[in-house]
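Student: 3D, please:
(one chain, ligands or ions: 1)
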Amino acid sequence: MEEAAISTSTSSAGTAEPGTEPAVQLEGITKRFPGVVANRDIRLSVRRGHVHAIVGENGAGKSTLMKILYGMQRPDEGEIRVNGAPVHFRTPADAIAAGIGMVHQHFMLADNLTVLENIILGSEPRRFGAGIDFAEARRRIKEISDAYGLGVTPDALVEDLGVGARQRVEILKVLYRGARILILDEPTAVLVPQEVDELFDNLRGLVREGLTIIFISHKLDEVLSVADAITVIRRGTTVASVLPKDVTARRLAELMVGSELPSPETRESTVTSDVALSVHGLTVRGDAGRPIVDGVSFDIHKGEVLGIAGVEGNGQAELVEAIMGMRPAEGVITLGGRDISAWSTLRRREGGIGYIPEDRHRHGLLLDAPLWENRILGHQTRKPNVKGPWIDRAGARADTQRIVEAYDVRTPGIDVIAAALSGGNQQKLIVGREMSGDPVVLIASHPTRGVDVGAQAAIWDHLRSARAAGLAVLLISADLDELIGLSDSLKVILRGRMVADVDPADVTPERLGSAMTGAGGDRDTPAPEQLGPAVTGAGEEA
Ligand SMILES: Nc1ncnc2c1ncn2[C@@H]1O[C@H](COP(=O)(O)OP(=O)(O)OP(=O)(O)O)[C@@H](O)[C@H]1O
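Tutor: Numbering: from 1, shown residues only. Sure thing, here's the model as predicted:
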């Protein structure tokens, strides 16, 4: 095999120094699900004090492996050793007791509690015979925060924190429980470039103190910049462990897919003068009438991708939900010149709006239903899912099969439930469904979140060819390369207002990132109400 030239999985990159055991060793781990071998004879050795990245295509088996290491799933075969000693985890509590912590991609913090309350939740220190010892908790949090340079303020309310700060709270929470080995699942997916740099500084601080970090990522350039060692998983098994200095992002991607990649194509404008979707003076109000989306107006033409850049939580989700009719709003929305402001969500969909939601588990899929039923979801009144007044099972099933093939959804079949697909493959199914039936407008929230580089390129190709055929797209994404690479025009949203127009042909991710934070270099991106009036000067970034 080609990768043998680089090194096989148990050699140089992951080997322990004499006298020190690896922090984690996985030997021959195999995990089977009905119809799928998710992990097959996995061999992995993670050195103490290393940042060790795990990369692989969607469905390669990364999450399954991390769930096994964190006690959420049990392997069918194989051995796990932590600091040299064999372990048998039955639950995450066992993994935590062995010093392993997991920072999930979707933060699990309670917004209405303070940082301190969130951190101690479930492991409160108690004074003998008395209640919770808050003073002791505050002292320990401060000690950990200072030791690793995390800059966490115990008494801040979580809802007032930006995304980067929330992530540091999650990391601190895991450290507070005594973790010395941290698993991070796609930690950078929700961060702007400045926050990514800060996270990487934090990670380096942690490993300097002797902690070990294992992280999953689809962003290969980031992996190359932060990891000490990289293990590639392909179709359930470890195919290579490499050192970052020995590979390029392209080579890593090739190891992931097992073949050479095609070169990316260049783009040409397909924007027409026909307005497909027009939004005028759209305002969405939150508690106490405060605007979350504040007088937003824009047109999207046929053949145009309009990108919206913004730090999460600046009104993007509410804007999208208002356009989809899922939330009351003031203002006027027209689709192909028709006022649809009073239409239901279903009617808007029937009128030709496709919708890739931000939260695929809440709005995109029925996790317990088979893939073919998920094909019908939101499209239950249209072909190929209905014939006359009846659901057309055969039509829906055949079209699901088509989507599975066209979008390379890796699945044993269309009768498995959506929950059995890997995150990236769930996303591919949703994108395929929403692109079916030739929508006039596509509202796409983070369309390639959690999707591997190969599948991302494929989704981009689908979007580009639909755009060439006249599709108008509203693109919301935290992936700035995606925003810059796909958009014909770009707007920046800050505290619910469009504060800048940016030319995607002439902006770098770093400059776009600054415009998104109001051109400031804030460590904690403040929540809307903490700031003064909107910064309109960000337009000079364009
Ligand atoms: N609970 C489950 N039941 C059945 N099959 C499962 C289950 N969990 C995972 N699988 C299957 O195991 C394989 C590996 O999935 P896994 O989630 O580990 O991939 P991944 O590498 O993390 O992918 P992604 O990058 O898309 O998140 C996939 O084929 C998936 O469909």
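Student: wasn't D438 part of a strand?
Tutor: No: according to DSSP: H, G, I helix; E, B strand; the rest coil, the state of D438 is coil, so it is not within a strand.
Student: ok, it to S278 distance?
Tutor: Distance of D438 to S278, given as C-beta to C-beta, to the nearest Å: 20 Å. Where you see a C-beta, it was placed from the backbone N, CA and C, and this is true even at glycine.
Student: pick out whichever of these two has more residues nearby.
Tutor: Taking other C-beta atoms under 10 Å, D438 and S278 do not tie; S278 has more neighbours (17 against 11).
Student: before we move on, what SS does S45 have?
Tutor: Following three-state DSSP, the label given to S45 is strand.
Student: now whichever residue of the stretch 301-450 of the chain sits closest to the ligand: closest residue in space, sequence neighbours ignored.
Tutor: The ligand sits closest to G424 of the stretch 301-450 of the chain, with a gap of 2.7 Å, by C-beta to the nearest ligand atom. Nearest in space to G424, with sequence neighbours left out and distances taken as C-beta to C-beta, 6 or more residues apart in numbering, is N58 at 2.7 Å.
Student: contact partners for that neighbour?
Tutor: Contact partners of N58, counting by C-beta atoms under 8 Å, 6 or more residues apart in numbering, are 410, 422-425, 427-428, 450-452, 455.
Student: how about those residues, which pair is most distant?
Tutor: Spatial extent of the contacts of N58 (C-beta to C-beta) is set by the pair R410 and G450 at 13.5 Å.
Student: the more surrounded of the two?
Tutor: Taking other C-beta under 10 Å, R410 and G450 do not tie; G450 has more neighbours (23 against 17).
Student: if I pick the residue nearest to the more buried one when sequence neighbours are not counted, what's in contact with it?
Tutor: Once flanking residues are discounted, G450 sits nearest to G423: 4.4 Å by C-beta to C-beta, 6+ apart. G423 sits next to 58, 63, 450 when contact means C-beta under 8 Å, 6+ apart.
Student: lowest-confidence entry in these?
Tutor: Ranked by pLDDT, the contacts of G423 bottom out at G450, which scores 82.
Student: helix, strand or coil for it?
Tutor: At G450 the chain is in coil, as set by three-state DSSP.
Student: where does this structure have low pLDDT?
Tutor: By pLDDT under 70, the weakly predicted segments of the chain are 1-19, 123-131, 260-268, 519-542.
Student: domain assignment for the chain?
Tutor: Domain ranges of the chain: 2-99+182-256, 109-179, 268-352+439-542, 360-438, per automatic domain parsing.
Student: so how far does the second one reach from one end to the other?
Tutor: Taking C-alpha to C-alpha, to the nearest Å, domain 109-179 runs 18 Å from one end to the other.
Student: return the distance of it from the chain's centre.
Tutor: Chain-centre distance of domain 109-179: 24 Å, with C-alpha atoms, centre = their mean, to the nearest Å.
Student: start at 8, not 1
Tutor: Yep, numbering from 8; the last one is domain 116-186 now.
Student: I'd like the contacts of G430 laid out as TSV, including distance to E229.
Tutor: Below are those laid out as TSV (distance: C-beta to C-beta, whole Å):
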residue	distance to E229
N65	17
S70	18
G457	15
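Student: near the ligand, which residues of the protein?
Tutor: Neighbours of the ligand within the chain, by C-beta under 6 Å from any ligand atom: 40, 43, 45, 63, 65-71, 417, 427-432, 457, 459.
Student: just the buried residues out of these, in PyMOL syntax.
Tutor: Remark: buried members of the residues of the chain next to the ligand, expressed as a PyMOL selection using 16 or more other C-beta atoms under 10 Å:
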select buried, resi 43+45+63+65+66+67+68+69+70+71+417+427+428+429+430+431+432+457+459
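Student: filter the residues of the chain next to the ligand down to the ones in helices?
Tutor: Under the assignment DSSP state H, these contribute 69-71, 430-432 to helices.
Student: export those residues to JSON lines and tack on distance to G492?
Tutor: As requested, those are exported to JSON lines (distance: C-beta to C-beta, whole Å):
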{"residue": "K69", "distance to G492": "25"}
{"residue": "S70", "distance to G492": "26"}
{"residue": "T71", "distance to G492": "31"}
{"residue": "G430", "distance to G492": "22"}
{"residue": "G431", "distance to G492": "19"}
{"residue": "N432", "distance to G492": "23"}
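Student: quick one: the strands in the stretch 358-507 of the chain?
Tutor: 360-363, 393-394, 397-398, 448-452, 479-483, 496-501, 504-509 (DSSP state E, counting those that start in this stretch).
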